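In: Make a model of this:
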Amino acid sequence: MIYQGRAKHPVHEACLHTAATPGEWWIGKTDEEILEAFWDWHVRDNGWRKIGYQRICTPDGRILHDNGKRLRSLYEIGAGVAGHNRGVIHICMIPVRTHAGITCFEDYFTEAQRVAVKGYLRELAALTDLRKVSGHNEYDTKECPGFYVRTKDWLR
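Out: The predicted structure follows:
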């Protein structure tokens, strides 16, 4: 079981996000350059202590983590949704098209990302009491991740 924070909140949910990047932003960037850009946005520009997400998924299906150096570790409370972070793993997907409203997964993300995130969620479910997969837009008036997330589409 994975517990977060000093109060040991059990992980029970994963929340999907989209990066606020133009569609081809990621092309040619190394994992290190991607993590540094997120670090700049979250820490240098906004004063957070770390990137708010625990994982980032690239369009070619790589799940980025850095053992809690810049991204939050699975054991740390994330900063993905104000007031809804305890017991939640936040996963940010980098889009292949510039975000333009809530439509469907395929409009912004790749099949490689769907396969990678579903695979990661299966791994996470084996280590946690994962019962729900949500989108940021479920808890806030944001369009993120750009589609409506249904648990049954992500967890079996």
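In: any idea of the pLDDT on Trp48?
Out: On pLDDT, Trp48 comes in at 93.
In: Likewise for Lys8?
Out: Listed pLDDT for Lys8 reads 97.
In: tell me the mean pLDDT for the longest helix along the chain?
Out: If you go by DSSP state H, the chain has its longest helix at helix 111-127. Averaging pLDDT along helix 111-127 yields 97.
In: And the helices in this protein?
Out: 31-39, 111-127, 151-154.
In: Of all the residues in the last one, which ones are buried?
Out: For helix 151-154, the buried set under the neighbour-count rule, 16 or more other C-beta atoms under 10 Å, comprises Trp154. Yep, even glycine has a C-beta here, placed from its N, CA and C like the rest.
In: Let's check: the centremost residue of the chain is which one?
Out: With the centre of the chain defined as its mean C-alpha position, the nearest residue by C-alpha atoms, centre = their mean is Ile91, 1.4 Å away.
In: ok now do the closest residue to that residue other than its chain neighbours, which residues does it touch?
Out: Leaving aside its sequence neighbours, Ile91 sits nearest to Arg55 (C-beta to C-beta, 6 or more residues apart in numbering; 4.7 Å). Contact analysis of Arg55 by C-beta atoms under 8 Å, 6 or more residues apart in numbering lists 63-65, 71, 89-92, 120.
In: at 7 Å what do you get?
Out: By C-beta atoms under 7 Å, 6 or more residues apart in numbering, the residues touching Arg55 are 63-65, 71, 91, 120.
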